[in-house]
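Peer 1: how does the following fold in three dimensions:
(chains A and B)
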Amino acid sequence: MSRIEIQKTYKLFIGGQFPRTESGRYYPLKNKKGELIANICLSSRKDFRNAVVAARSAFASWSTRAAFNRSQILYRIAEMMEGRKQQFIDELMLQGASSKAATTELETAIDTMVYYAGWCDKYQQLFSAVNPVASSHFNFSVPEPTGVVAILAPENNSLLGLVTSIAPAIAGGNTCVVLASELMPLCAITFAEVLNTSDLPAGVVNLLTGSSQELHAHFSTHMDVNAVVTYQNKPDEIKTIQQNASLNVKRVFVHTAVTNPNPYLIFDLQEIKTTWHPIENIGSAKAGY
Amino acid sequence: MSRTNTLPDFKNTPVIDQVGVEERVARFTTRSIKKSSKGQALKMILNMIDLTTLEGKDTEGKVKQMCYKAVHLHDVIPNLPTVAAVCVYPSMVKIAKDALKGSSVKVASVATAFPSGQSTHDVKIADTKFAVDNGADEIDMVISRGEFLSGNYNFVFDEIASIKEACGTARLKVIFETGELSTLDNVRRASEIAMAAGADFIKTSTGKISPAATMPVTLVMLEAIRDYYYKTGRMVGMKPAGGISTSKAAIHYLVMVRETLGGAWLSNEWFRFGASSLANDVLMQIAKEASGVYQSIDYFSKD
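Peer 2: Okay, the predicted model is just below:
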């Protein structure tokens, strides 16, 4: 007797849990031949709202965690991806990639994660400064994470797109809500399973699947979101995002393609804070306070 | 108005079916309250809140700040109601009273060696009188849970009655600290004792013990109020306190009051929320309804 195959249910990832969409809506995902691969959750604005609440409550502890520890966790994510290689490759191929392309994409994605793991405790040195001032003060500028980041992941790049957009955000101590590619969402939920087993605290990364056309307005209006990063090449949506972002002066970063990993993507999601600290008795100068 | 001034006869007290209560409570959370009715409910909740600060670190400044918030919840949105009252320790009553002069917000004070209630009778009476003399409109007393759990119901009854006398014209809320009473039957019994002894309000918790207010406990108390009303014709108020921090949960409580006691109890004369963080969540919801945009706590005053 032939065995009945167990199909995987693709759900969302919010606050360390895997709920179905609050709205109960789904969209069918088909392969090139038009055969059904899976039913994917069509997230609603309320799913997004719940995800922002989760991201906000995770922010305090994630942003103040030791940079070295963040680095260990990102490296752990890479380790877990390595362990699930075959599953990612299968999913990439189901979505239309050749075996060679799928392997390359997966390996690049893992290497990118390791790259950002290394940057976790180093970008601070690169982007901070001791500033020359005329009084007897120690004056320095340091980067601090922006906050909750809403990310619209690339449409034509399933796994690598996710890693490229998420890793720099969390490496810098931000928490994020991510909308996965609408047409290639399979890897997103498998990636969420990786995150969930990598010591990453619940709520630091929240993954939604669905339509950017429906959600981009909410991504950019929510007052508790501090930055929007979009990799989706849709001019009308980008314009709306930029306009809506003015509501609470969100940072907006528009990328048209997946770029090579670099620390400036971490820097995008940092705020530079400057502090004056009085010094007593430098040379013959007395403290002025 | 007929009031029996003796300990109630527990032979007539119904036994509480805990599973039944939990199922009934689950139903209240399924009502669909949307748009304009939600808007009305949110404003009603604001108007029923007892804004509370009961901490060892309370200062004059903190209390004044909270009193300002009580009257000016969020001035960006016009026509918001004020909260019902502020709830403070007796030592802060005078400060709160002065700060709220000219507004309709009442001053409630906890008394009787709050939160444990472990003190002598004289101290508790003195505590209550001090608060009333300083201008408290409402007194939130705690019952002696130790005596209650040992079965000294007469002691508990007499204590409530004597505090009620010390209150004079101030309204008396009686706190059971249901988290320490362990069973719903005890909650029902405590409710009957308190109402018979003259309580104007019965209140679930101090907020210092977890679990604080829960829906099953509140339902048992509401049913006790309803039965007492049928028997004597006297209305008694209800105040769940502690643990209610979202507007969604608060709306569930309103539904429960409406379906258990009826519309007559849906005003801040008969129903209150004891909460400190609920107000901001309700304000964020109201702002969301007005602007269509999800809000952030960053744009609302903390106290």
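
Peer 1: from the chain's centroid, how far away is stretch B:271-289?
Peer 2: Distance, stretch centre to chain centre, for stretch B:271-289: 15 Å (C-alpha atoms, centre = their mean, to the nearest Å).

Peer 1: what residues of it count as buried?
Peer 2: B:271-276, B:278-288 (16 or more other C-beta atoms under 10 Å in any protein chain shown). Using the backbone N, CA and C atoms, a C-beta is placed for each residue, glycine as well.

Peer 1: and what of stretch A:169-187?
Peer 2: A:169-182, A:184-187.

Peer 1: do the same with stretch B:108-128
Peer 2: B:108-117, B:124-128.

Peer 1: do stretch A:133-153 as well
Peer 2: Within stretch A:133-153, the residues that count as buried by 16+ other C-beta under 10 Å are A:136-137, A:139, A:143, A:145-153.

Peer 1: for whatever residue of the stretch 101-250 of chain B ends up closest to chain A, grab the count of nearby residues.
Peer 2: Nearest to chain A in the stretch 101-250 of chain B, going by C-beta to the nearest C-beta, is B:Thr246, at a distance of 10.2 Å. By the criterion of other C-beta atoms under 10 Å in any protein chain shown, B:Thr246 has 14 neighbours.

Peer 1: how about the one 4 residues further on?
Peer 2: Here the neighbour count serves as a burial measure; for B:Ala250 (other C-beta under 10 Å) it reads 25.

Peer 1: follow-up on the earlier one: from the buried residues of stretch A:169-187, which land in helices?
Peer 2: A:169-171, A:186-187 (DSSP state H).

Peer 1: which of those lies closest to chain B?
Peer 2: A:Ala169 (18.4 Å).

Peer 1: distance of that closest one from A:Asp199?
Peer 2: Applying C-beta to C-beta, to the nearest Å, the value for A:Ala169 to A:Asp199 is 17 Å.

Peer 1: what's across from the residue most central in space within chain B in the sheet?
Peer 2: Closest residue to the average C-alpha location of chain B: B:Lys239 at 2.5 Å, with C-alpha atoms, centre = their mean. With DSSP bridges applied, B:Lys239 shows beta-bridge pairing to B:Lys203.

Peer 1: surely it meets B:Asp200?
Peer 2: No. B:Lys239 lies out of contact with B:Asp200 (C-beta atoms under 8 Å); the separation is 10.3 Å.

Peer 1: where do the strands sit along the stretch 151-300 of chain B?
Peer 2: When assigned using DSSP state E, counting those that start in this stretch, the strands of the stretch 151-300 of chain B occupy the ranges B:171-175, B:201-203, B:237-239, B:273-275.

Peer 1: mean pLDDT lowest for which of these?
Peer 2: Lowest mean pLDDT within the strands of the stretch 151-300 of chain B: strand B:273-275, at a mean of 93.

Peer 1: got the residues of chain A near chain B?
Peer 2: Along chain A, the residues adjacent to chain B under the rule C-beta under 8 Å from any C-beta of the partner chain are A:49, A:52, A:218, A:221-224, A:247-248.

Peer 1: ChimeraX command to pick out the buried ones of the residues you listed?
Peer 2: Written as a ChimeraX command, the selection of buried residues from the residues of chain A next to chain B, which uses 16+ other C-beta under 10 Å, is:
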select /A:49,52,218,221,222,223,224,248
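
Peer 1: and the residue nearest in space to the middle of chain A, its phi and psi?
Peer 2: The centroid of chain A falls nearest to A:Ile166 when counting by C-alpha atoms, centre = their mean (2.4 Å). Main-chain dihedrals, A:Ile166, degrees, to the nearest 10: phi -80, psi -50.

Peer 1: same check, this time on B:Ser116
Peer 2: B:Ser116 adopts backbone torsions of phi -80, psi -30, taken as degrees, to the nearest 10.

Peer 1: my guess is it meets B:Val142, correct?
Peer 2: Yes. Contact criterion C-beta under 8 Å: B:Ser116 and B:Val142 qualify, at 7.4 Å.

Peer 1: returning to that earlier point: would you turn the residues of chain A next to chain B into a markdown table with distance to A:Arg25 and pLDDT?
Peer 2: Formatted as a markdown table, those follow (distance: C-beta to C-beta, whole Å; pLDDT from 0 to 100):
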| residue | distance to A:Arg25 | pLDDT |
| --- | --- | --- |
| A:Arg49 | 16 | 96 |
| A:Val52 | 19 | 97 |
| A:His218 | 15 | 96 |
| A:Thr221 | 21 | 96 |
| A:His222 | 20 | 96 |
| A:Met223 | 25 | 96 |
| A:Asp224 | 24 | 96 |
| A:Leu247 | 27 | 93 |
| A:Asn248 | 29 | 93 |
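
Peer 1: which parts of chain A are strands?
Peer 2: A:26-30, A:36-41, A:129-131, A:137-145, A:148-152, A:175-179, A:205-208, A:227-230, A:251-254, A:270-278 (DSSP state E).

Peer 1: I'd like to know which elements the fourth one is packed against.
Peer 2: Yep, that's strand A:137-145 we're talking about. helix A:45-63, helix A:123-127, strand A:129-131, strand A:270-278 (3 or more C-beta pairs under 8 Å, 6 or more residues apart in numbering or on different chains; DSSP states H and E).

Peer 1: same thing but at 7 Å, please
Peer 2: Counting contacts by 3 or more C-beta pairs under 7 Å, 6 or more residues apart in numbering or on different chains; DSSP states H and E, strand A:137-145 packs against helix A:123-127, strand A:129-131, strand A:270-278.

Peer 1: for the shortest one, same thing?
Peer 2: In terms of contacts (3+ C-beta pairs under 7 Å, 6+ apart), strand A:129-131 is packed against strand A:137-145.

Peer 1: who does the strand it packs on pair up with?
Peer 2: strand A:129-131 (antiparallel), strand A:270-278 (antiparallel).

Peer 1: packing partners of the lengthiest helix in chain B?
Peer 2: In chain B, with assignment by DSSP H, the single longest helix is helix B:215-232. Packed against helix B:215-232, as judged by 3+ C-beta pairs under 7 Å, 6+ apart, are the following elements: helix B:18-28, helix B:184-196, strand B:237-239, helix B:247-260.

Peer 1: gap between the closest residue to chain A within the stretch 151-300 of chain B and A:Thr221?
Peer 2: Distances between the stretch 151-300 of chain B and chain A by C-beta to the nearest C-beta are smallest at B:Ser296, namely 3.6 Å. With distances taken as C-beta to C-beta, B:Ser296 is found 11 Å from A:Thr221.

Peer 1: alright, that wraps it up for me.
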